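Visitor: my questions concern the predicted model and sequence given below.
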Amino acid sequence: MDPNPQEHGPIPINWADDAEDPGHIPILDFSPYSLLKGAVDEDQLQPLATQLVQAFSTVGFVYLRNHGIPAALVSRTFELADKFFALPEEVKTKFSRPADKSHGWVCLERERVTMERPGDLKEAFNVRPPHATEKLWPNEEVPEFQQASLQLYDKCRQLSLRIIELMARGLNIQDKAGLLSMHSMIGTGPNGSLMRTLRYPPVPEQVKEGQIRCGEHTDYGSITLLFQDNVAGLEVQNCDGEYVPAPPIPNTVVVNIGDLMQRWTSDKLKSTSHRVLLPETEEGRKTARRSIAFFAHPNMDAVITCLDGSNKYPPITAGEYLKQRLTATYDVS
Ligand SMILES: O=C(O)CCC(=O)C(=O)O
Ligand SMILES: [Fe+2]
């Protein structure tokens with residue numbers, strides 16, 4: 001984390017077009033709009049907005065540094081999630097996600113995000129504050145998990161709103177306030193935004209044919225924020241259709257566009273397919289991988305109408321869209 005974001009000059013764009021980052025995913029310096037920044041210099045926002053839109057309309061992914069979410073909060077949440085995932089299966093089951101809610105534990109292989117593959121080799125703890133009852137938090141087993149998760153959820157909410165606002169600026173959308181107000185209920189009301197701590201355990205001896213850590217998919221909502229630990233595996237489809245690594249870069253957050261935002265922007269911004277493969281080396285297969293994903297969604301009743309007035313897609317409410325997507329691909333069983 002940069003303790004002194006104000007000291008940055010013009011924002012350099014790093015298209016990282018080299019062997020170290022063959023994904024061509026740009027790394028942007030978010031310090032002009034960092035959550036740590038009190039007074040915002042409007043003049044510095046426009047170049048950042050332009051760079052964001054440039055990245056989102058090509059590869060659909062960026063890394064942001066100097067975003068202002070404290071690294072200590074992210075690592076604390078990872079640690080507490082580790083403690084939760086290390087609990088015996090029968091204890092974790094008490095906190096299983098109920099069928100009618102999004103909050104709670106999701107066991108290994110329970111989900112598949114693509115029909116072409118068996119269940120993903122991952123488990124998750126979903127955080128969706130309006131769906132969380134006290135019974136669905138492991139407060140005796142892992143005290144502080146709730147508090148850290150909710151704090152991180154709220155930081156992710158704040159950062160997502162800043163990113164969405166900059167996107168609207170970069171796209172020259174007239175009604176920026178309208179777009180933001182359609183995300184006003186994140187974490188508090190009828191809004192599908194969800195944070196997930198994800199754990200990909202060491203790879204078992206026997207894996208099913210085609211089984212990987214997370215199958216090829218696009219995200220559903222507006223934007224996704226992703227914190228990776230130091231274990232590689234995420235791959236993103238580039239403009240040529242090839243999957244290329246999006247390796248962990250310390251103190252950055254990965255941000256990508258979701259399907260609803262692509263639809264909203266009449267395909268100007270790209271919701272790019274991505275996946276998490278199994279490690280190739282013997283050593284790698286013994287190592288667990290962790291990530292934290294925050295899926296920012298519009299309010300359920302927000303009507304998603306093409307922002308450019310093109311009517312390329314018929315209007316749909318975010319709630320209806322989410323329902324269609326979840327029933328199509330969510331559960332294995
Ligand atoms: O764990 C990761 O790196 C990616 C997870 C992901 O893409 C998702 O949960 O939608
Ligand atoms: Fe994803």
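Guide: Perfect, thanks for sending it. Residues are numbered from 1 along each chain as shown. Ligands and ions are numbered 1, 2, ... in the order given.
Visitor: return the set of buried residues in stretch 180-193.
Guide: Buried residues in stretch 180-193, counted by 16 or more other Cβ atoms under 10 Å: M182, H183, M185, I186, G187, N191, G192, S193. Every residue, glycine included, has its C-beta placed from N, CA and C.
Visitor: tell me which element the fifth one falls in.
Guide: Meaning G187. Under DSSP states H and E, no helix or strand contains G187.
Visitor: how much space separates it from H131?
Guide: 11 Å (Cβ to Cβ, to the nearest Å).
Visitor: swap in the second one?
Guide: Distance of H183 to H131, given as Cβ to Cβ: 18 Å.
Visitor: then the last one?
Guide: For S193, the distance to H131 equals 11 Å [Cβ to Cβ].
Visitor: which stretches in the stretch 51-200 of the chain count as helices?
Guide: With helices called from DSSP state H, counting those that start in this stretch, the stretch 51-200 of the chain shows them at 71-85, 89-93, 145-170, 176-181.
Visitor: can you redo the ones you listed as CSV with distance to ligand 1 and mean pLDDT?
Guide: Formatted as CSV, the helices of the stretch 51-200 of the chain follow (distance: least, Cβ to the nearest ligand atom, whole Å; pLDDT from 0 to 100):
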stretch, distance to ligand 1, mean pLDDT
helix 71-85, 12, 98
helix 89-93, 19, 97
helix 145-170, 14, 98
helix 176-181, 23, 93
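Visitor: winner for burial among these?
Guide: helix 145-170 (a mean of 20; mean count of other Cβ atoms under 10 Å).
Visitor: residues from the stretch 101-250 of the chain in reach of ligand 1?
Guide: Selection of the stretch 101-250 of the chain residues close to ligand 1 by Cβ under 6 Å from any ligand atom yields L198, C214, D219, L226, Q228, L234.
Visitor: mind redoing it with 5 Å?
Guide: L234 (Cβ under 5 Å from any ligand atom).
Visitor: where does the stretch 201-333 of the chain dip in pLDDT?
Guide: Across the stretch 201-333 of the chain, the ranges flagged by pLDDT under 70 are 328-333.
Visitor: so which residues of it form helices?
Guide: According to DSSP H, counting those that start in this stretch, the stretch 201-333 of the chain carries its helices in the segments 259-264, 282-285, 318-329.
Visitor: elements contacting the last one?
Guide: Helices and strands touching helix 318-329, by 3 or more Cβ pairs under 8 Å, 6 or more residues apart in numbering; DSSP states H and E, are helix 259-264.
Visitor: now the helix it packs on - C-alpha only, PDB.
Guide: Listed in PDB are the C-alpha atoms of helix 259-264, where the atom choice follows Å, rounded to 0.1, in the frame of the first residue of the first chain:
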ATOM      1  CA  ASP A 259     -22.200  -9.600 -17.900                       C
ATOM      2  CA  LEU A 260     -24.800  -7.100 -16.700                       C
ATOM      3  CA  MET A 261     -22.400  -4.200 -17.200                       C
ATOM      4  CA  GLN A 262     -21.500  -5.500 -20.700                       C
ATOM      5  CA  ARG A 263     -25.200  -5.600 -21.600                       C
ATOM      6  CA  TRP A 264     -25.800  -2.200 -19.900                       C
END
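Visitor: in this protein, what residue lies closest to ligand 1?
Guide: Residue of the chain nearest ligand 1, by Cβ to the nearest ligand atom: S291 (3.4 Å).
Visitor: was I right about that residue contacting L198?
Guide: Yes: between S291 and L198 there is a contact at 4.8 Å, judged by Cβ atoms under 8 Å.
Visitor: what's near enough to touch the closest residue to V62 other than its chain neighbours?
Guide: Leaving aside its sequence neighbours, V62 sits nearest to A55 (Cβ to Cβ, 6 or more residues apart in numbering; 4.4 Å). Contacts for A55 were tallied using Cβ atoms under 8 Å, 6 or more residues apart in numbering; they are I25, P26, L28, F61, V62.
Visitor: most neighbours among these, which one is it?
Guide: Highest neighbour count within the contacts of A55, by other Cβ atoms under 10 Å: I25, with 29 neighbours.
Visitor: gap between stretch 109-116 and the chain center?
Guide: Relative to the chain's own centre, stretch 109-116 is displaced by 18 Å; criterion: Cα atoms, centre = their mean, to the nearest Å.
Visitor: name the residues of that stretch that are buried.
Guide: For stretch 109-116, by 16+ other Cβ under 10 Å, it's E109, R110, E111, R112, V113, T114.
Visitor: try stretch 217-230
Guide: Residues of stretch 217-230 classed as buried: 217-229 (neighbour count, 16+ other Cβ under 10 Å).
Visitor: check stretch 267-277 too.
Guide: K268, L269, K270, S271, T272, S273, H274, R275, V276.
Visitor: from T287, how far off is the fifth one?
Guide: For T272, the distance to T287 under the criterion Cβ to Cβ works out to 26 Å.
Visitor: for G119, see how far away R112 is.
Guide: Using Cβ to Cβ, R112 is found at 5 Å from G119.
Visitor: meant to ask about G233
Guide: Distance from G233 to G119, by Cβ to Cβ: 17 Å.
Visitor: can you name the residues that contact the closest residue to V53 other than its chain neighbours?
Guide: Closest residue to V53 apart from its sequence neighbours, by Cβ to Cβ, 6+ apart: G170 at 3.3 Å. Counting by Cβ under 8 Å, 6+ apart, G170 makes contact with A49, T50, Q51, L52, V53, Q54.
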